[in-house]
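# Quick one, structure for this:
(chains A, B and C)
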Amino acid sequence: MNRVAKKILAAVAAVVSLATLTGCGTSSAETSGPKITIGIKYDQPGVGYKEGDNYSGFDVDVARYVAKQLGYSEKQIVWKEAPSAQREALLQNGDVDFIIASYSITADRKKVVDFAGPYFVAGQDLLVRSDDTSIKSAKDLNGKNLCTVSGSTSAQVIKDNFAKSVQIMELSGYAECVTALISGTVDAVTTDDIILAGLAHAKGNGLLKVLGQPFTKETYGIGVKKGDTQLISKINAALKKMVDDGSWNKALDSATGGTGYTPNKEWNPPKNFDAENSDETVRQ
Amino acid sequence: MQEMMTLLSNYNVPAAFWVNVQLTLWSALFSLILGVILVMMRISPVGSLRGFAVAFVEFFKNMPLTIIMVFMLLGVFVQLRFQFSSTFSTNFYWLAITGLSLYTSAFVCESLRSGINTVPLGQAEAARSLGLSFFQTAGLIILPQAFRGSVAPLGNTLIALLKNSTVAAAASVATETSTLMKTMIEYNASMIIAVFLIFAIGYVILIIPIGLLTTWLSNKLAVRR
Amino acid sequence: MTSAQAETAETTAVAPSKGLFRRRAKSVEQSVLFDEPGPRARRRIRLFNVFGAIAIVAFVVWILYRFANPPQGENQLSWDLWKPALSADAWIYFYLPGLLATLEASVLAIVGSMVFGVVFGIGRLLPVRIVRWISSAVVEFCRAVPVLLFMIFFWRLFAGMGFNDGAAFWAVVLSLVLYNGSVVAELVRSGVGNLPRGQHEAAIALGMSPLRSLVSVEVPQALIAMLPAMITQLVVVLKDTALGSIITYTDLLQESRRLGSAHFDTLQTLCVSAVIYFIICYILSIVAERLPERLKRHTIGVVREPVQAPIAILDPSNVLAQERASERELPQGGAEPLFPDHYHGSNAVVTDAWRYAHMEHGHDPRHPDEHLKTILPESVYRKRSQAEDKAVRSVWGDSDDEDAGDTGDASAKDEKK
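Next comes the predicted model:
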């Protein structure tokens, strides 16, 4: 009995030490120096996208540039996934230093977090099946099904302004929405045009198309913890430099090139980094 | 205390609990029916049915409920296009009940099987010698006694089911307690402990009576042998 | 999809088992409920068998067909969708890190819940009323609150307290520790309750305090006895870590969904992770089932996977009723107690040989007190309390007319020998 008890104890001890070891292994720093943690999307091709150890997309390029201006090298960046529903929480918790994850500036969100930017102005649009001719504008969505990701407000905008009787399905990622769109479970996916363009491109084979009629003005901001004004001004300076030296255009080109997508010329690239609220008034 | 009162007046917490109770009751009903069918298959002389019941039970016993719920949404609804209603919220509600019922029926089957094991062999032998068929033996002699013998594990399963109903959030049921708790914490971060206590106490109030009833019933109904 | 999974499960789930419980269950199921079938019945069974098999296969094929030819959209069985879900990169960058995260949380949680369980299990057994009440309240509370609520709460709480990293991880671990720890506490309590009273009495007689007796004599034996149940609990922990994906913990489920979003094949990646979960949990279940045989040598307690963890709510007695009801019959009548039977609180385990010997000497095990009465004066002989008497009777069966027949059987058997 005693021997067995000892064996069990030994096993438990081994397991504990193993667990703590692996725990240390994942959290300890691989490189020296301070770290900066940036929240991005992992699942939005063209915007924020992770494949293996490679991060790509427009948001990621902006994040790299800003981090560099703040004095962090590429190796000092710790990427963290910031799903739509958890962006406020991540900032409030201090899990990330800032978030660049197609995060539109709104008065509501400003109550809980602060924004730098905007670094991009997008517009809400619809992604539909190419062979679906019944949807020409957001108004045609009455009686149809619409998909968006949980925590996003974009579907509510459509319900309030265009189609009172649209049904909304919330899934945890845009890719899941795209599968639902292809399988006919929903008739449209809505979010900002740049994201939709990225999705249409990634899915390929011309199955999907972006409607091309943005009906809101979404100012993409860089979310920071409430009250961190110092960081905001630093980021804004970095953004200004990025637009001025042409890196901004290069980043956008490399992220969405080939998808046939052009952002609204009037709004982009942004000139005033005043955390302007997204324009909630919807252009009918 | 003050905080709890404000929270309770601002949010409809009982409604959320009612959704969970409804999910639980429907799933309990369906999983009981399915569980009885499964256990009948398991004790039947037909090999293929027995094999199916074993596979079914082992599969759902060893599968996280979260995955089953996500499957109900992405597999059954999005790809297979099975739907209970064209209204999304009703549809998700019944999909969640289906997922919960499938998962729980495996445990109901196991509970009933343990109850069957409490029935002495002599009972079945006596039933057979009276000339009862398989269905008569199972339905009239074995299962009634098995139910009495498995009150305790069935009660455990019911308690687990009530708690598992919060996982319906993974199947997009947005009106149940865990979702509401998340929302409430988001907008009342300073009152997080009060929010949690409201829901925790709610579950304690729901579950303690089930436990007491189960204990009382299992002692009352247990067949003395 | 579930049924497609079920099909794969069917091929793997050939339940090989040696456990006491399973073996008995099999004999009940297969040989008693129906007669050894005659030629006609056998034909009918064969017919049902074939029809059943056809129905099951048809159902699975129909599901797969529907996946391959959905009303609209893509063939879900096409290799284009499965390839990225099974590629080497998927394993290296998604499944394996996810699995590691899942295992890390599970192992830490099971170790933590053992500690929690032992502490509060002992707390519920101590003769100090306050300690007992507090421990009971904590255990009952933790068992009643859904794990998901715990997780959301701790996640946001840790976050608010300024844990930068790992708020989700520690929320998952702590929630699982609280819930499963309270289950373990009940297992400890019922495990100690199932030990013969003589163990405790001997420890007290040696001058140990009740706490000391629990810590160094009773709980260690109970722990070994409940090891199979602990492994069953590990399956529960492993399954519940999947809830962590709801609070952004990047476990296996979360990683597979992320992989799916890269290639628009979430369903396929979910299938792969489901298979991984199933295999691990199934292996653990089998281990839990086989372990009792090996552990029996090391404890005097009841080593056996309980049907389910005992109900915590206020009373452990239902477990004993449950266990007692599942005692099996012996050839000479009565039932073999699954609880070790001890003669008048002595430490001697009642073995079959002992029982036969005593029956040979005209001793009726169902009325041990009567026997004592004849040799000891009333003042020395301690009368059993009604509860104890009832317990003993229920172990041995209490009908008097059966007695005569049974002892007769036994002696007839002996004569044959």
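
# Could you look up the SS state of residue A:133?
Counting by DSSP: H, G, I helix; E, B strand; the rest coil, the backbone at residue A:133 sits in coil.

# Return the residues in contact with it.
With Cβ atoms under 8 Å, 6 or more residues apart in numbering or on different chains as the criterion, no residue contacts residue A:133. Using the backbone N, CA and C atoms, a C-beta is placed for each residue, glycine as well.

# What pLDDT is listed against it?
On pLDDT, residue A:133 comes in at 85.

# quick check, stretch C:214-232 touching chain B?
No: remark: stretch C:214-232 sits outside contact range of chain B, by Cβ under 8 Å from any Cβ of the partner chain, the gap being at least 10.0 Å.

# Can you mark which positions in that stretch are buried?
C:214, C:217-232 (16 or more other Cβ atoms under 10 Å in any protein chain shown).

# Where does the residue of chain B found nearest chain C sit, in terms of helix or strand?
Among the residues of chain B, residue B:211 lies closest to chain C, at 2.5 Å counting by Cβ to the nearest Cβ. Assigned by DSSP states H and E, residue B:211 belongs to helix B:192-221.

# Likewise for residue C:179?
Short version: residue C:179 belongs to helix C:167-193, going by DSSP H and E.

# Does at least one residue of the helix or strand that that helix is followed by sit close to chain A?
Per DSSP H and E, helix C:167-193 leads on to helix C:197-205 as the next helix or strand towards the C-terminus. No: Helix C:197-205 lies out of reach of chain A by Cβ under 8 Å from any Cβ, never closer than 11.8 Å.

# so what secondary structure elements neighbour the helix or strand that helix C:197-205 is followed by?
Downstream of helix C:197-205, the first helix or strand assigned by DSSP H and E is helix C:210-213. Secondary-structure packing of helix C:210-213 (3 or more Cβ pairs under 8 Å, 6 or more residues apart in numbering or on different chains; DSSP states H and E): helix C:197-205.

# redo that, cut-off 10 Å
The contact analysis (3 or more Cβ pairs under 10 Å, 6 or more residues apart in numbering or on different chains; DSSP states H and E) places helix C:210-213 against helix C:96-125, helix C:197-205.

# between the shortest one and helix C:167-193, what angle do the directions make?
In other words, helix C:197-205. Inter-element angle recorded for helix C:197-205 and helix C:167-193: 90 degrees (by axes from the mean of the first three to the mean of the last three Cα atoms, to 10 degrees).

# Now do the buried residues in helix C:197-205.
Neighbour counts over helix C:197-205 (16+ other Cβ under 10 Å) mark C:198, C:199, C:200, C:202, C:203 as buried.

# Make a markdown table from those residues and add pLDDT and distance to chain B to it.
Output for the buried residues of helix C:197-205, formatted as a markdown table (pLDDT from 0 to 100; distance: Cβ to the nearest Cβ, whole Å):
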| residue | pLDDT | distance to chain B |
| --- | --- | --- |
| C:198 | 78 | 26 |
| C:199 | 82 | 26 |
| C:200 | 84 | 25 |
| C:202 | 88 | 31 |
| C:203 | 90 | 30 |
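
# I'd like to know which of these is nearest to chain A.
Nearest member of those to chain A, counting by Cβ to the nearest Cβ, is residue C:199, at 11.8 Å.

# Wait, that closest one touches residue C:221, no?
Yes: counting by Cβ atoms under 10 Å, residue C:199 sits close enough to residue C:221 to count as a contact (7.1 Å).

# Next to chain B, which bits of the stretch 101-250 of chain A? Give me the list.
A:111-112, A:143, A:145-147, A:150-151, A:167-172, A:176-177, A:179-186 (Cβ under 10 Å from any Cβ of the partner chain).

# which intervals of chain B have sub-threshold pLDDT?
B:222-225 (pLDDT under 70).

# Quick check: residues of it near chain A?
B:70, B:73-74, B:77-81, B:83, B:86-89, B:91-92, B:169-170, B:172, B:174, B:179, B:182, B:185-187, B:189.
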